[in-house]
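*Asks:* A structural model of the following input is requested.
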Amino acid sequence: MTKALYRKTYIEQRDQLSASFVENASLTFCSRFFSSEQRSRVKEKTIMVYSSFKKEACTIPLIEKLTASGASVVLPGVTGSEIIPYYCSDQSVMKAGPFGIMEPDPEKCSACEPSTIDIIIVPGIVFDKKGGRLGFGKGYYDRFLARIGKKALKIGLCYDFQLLKDDLLPTEPHDIPMDMILTENGFFNCKTHSYISR
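*Replies:* Take a look at the predicted model:
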C-alpha cells in the first residue's frame, strides 16, 4: 500500500474505537511500561511523552505515573515547523497548540535540551516490526528525532492493530526507526524481532 492508503486505512480503524477501549488500553500501556524491568528504572531519567489527541494511544496515565516515579517528564510543543520539548507534568500549564493538541505553555514551562532526553515515546498512525513509523506526513517527529541523537531510546506507542504483522512500511532515507514498539501485548524489540514482555 501507499503511505496515503496506510494513513486512511488505519486512521479510519482508530477512529472507530470506543471510548472505553481507549481508556482501558491507556491503563494497559502504562502497566506494560512499568512491568518491564528495563523501563521500571525511570527515576532521574528524562522521558519525553507525546500529548495524546482524539483516539490516539492515550498517554495520560503514563505521564502521571512517570511523574510520580521521579522521572523528568517532557512534552512537545510546536513552534513553526519544529518540535520544542518542555519540562511539563501538570495539565494546568498546558494549552491548545496550533493543531488543537494540548501542549506546554512556553510562558509557564522550561525548555528541555533535546540531547538530554533518555527515552522518547513517539506517536504514529502505523508501525512495522523493523521500527518503521508512519505519521501524519508533516515531518515534525522525523526532524526532531534527527536532533536528539542516538543515545535516546525511541519507543513507538500504538494499539496492537497498528503494528503490522508481516508487511513493511514504505521508507525514505531520512526516516529514523524506532528501537521498540509498545502495544497492549508488551514491548516489541525491533532489533531482535521479539517481544520483551507479554
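
*Asks:* hey, let's count contacts and neighbours off CA atoms from now on
*Replies:* Noted.

*Asks:* so what touches the lengthiest helix in the chain?
*Replies:* Counting residues, the longest helix found in the chain (DSSP state H) is helix 19-35. With C-alpha atoms under 8 Å, 6 or more residues apart in numbering as the test, helix 19-35 has contacts from 39-40, 55-62, 65, 159, 182-187, 197.

*Asks:* ok, 6 Å please
*Replies:* Under the contact criterion C-alpha atoms under 6 Å, 6 or more residues apart in numbering, helix 19-35 has outside partners Ser40, Cys58, Leu62, Glu184, Gly186.

*Asks:* the last one: how many residues sit nearby?
*Replies:* Right, the one you point to is Gly186. 21 (other C-alpha atoms under 10 Å).

*Asks:* with the one 4 residues further on instead?
*Replies:* When neighbours are counted by other C-alpha under 10 Å, Cys190 registers 19.

*Asks:* so it makes contact with Gly132?
*Replies:* No. Cys190 lies out of contact with Gly132 (C-alpha atoms under 6 Å); the separation is 9.1 Å.

*Asks:* out of the contacts of helix 19-35, which end up buried?
*Replies:* Among the contacts of helix 19-35, those buried by neighbour count (16 or more other C-alpha atoms under 10 Å) are Cys58, Leu62, Glu184, Gly186.

*Asks:* let me have those in TSV, extended by secondary structure and distance to Glu113.
*Replies:* Formatted as TSV, the buried ones among the contacts of helix 19-35 follow (DSSP: H, G, I helix; E, B strand; the rest coil; distance: C-alpha to C-alpha, whole Å):
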residue	secondary structure	distance to Glu113
Cys58	coil	25
Leu62	helix	22
Glu184	coil	31
Gly186	strand	29
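
*Asks:* ok, so of these, who is nearest Met102?
*Replies:* Among those, Cys58 lies closest to Met102 (C-alpha to C-alpha), at 12.6 Å.

*Asks:* surely the closest one touches Ser52?
*Replies:* Yes. Using C-alpha under 6 Å as the test, Cys58 is close enough to Ser52 to be in contact (5.2 Å).

*Asks:* just to revisit the earlier point, for the record, mean pLDDT for the longest helix of the chain?
*Replies:* The average pLDDT for helix 19-35 rounds to 94.

*Asks:* mind listing the helices for the chain?
*Replies:* 3-15, 19-35, 37-40, 60-68, 140-148.

*Asks:* of these, which is nearest Pro170?
*Replies:* helix 3-15 (6.8 Å).

*Asks:* still on that earlier bit, mind checking the helices of the chain for the one nearest to Asp175?
*Replies:* Among the helices of the chain, the nearest to Asp175 by C-alpha to C-alpha is helix 140-148 (6.3 Å).
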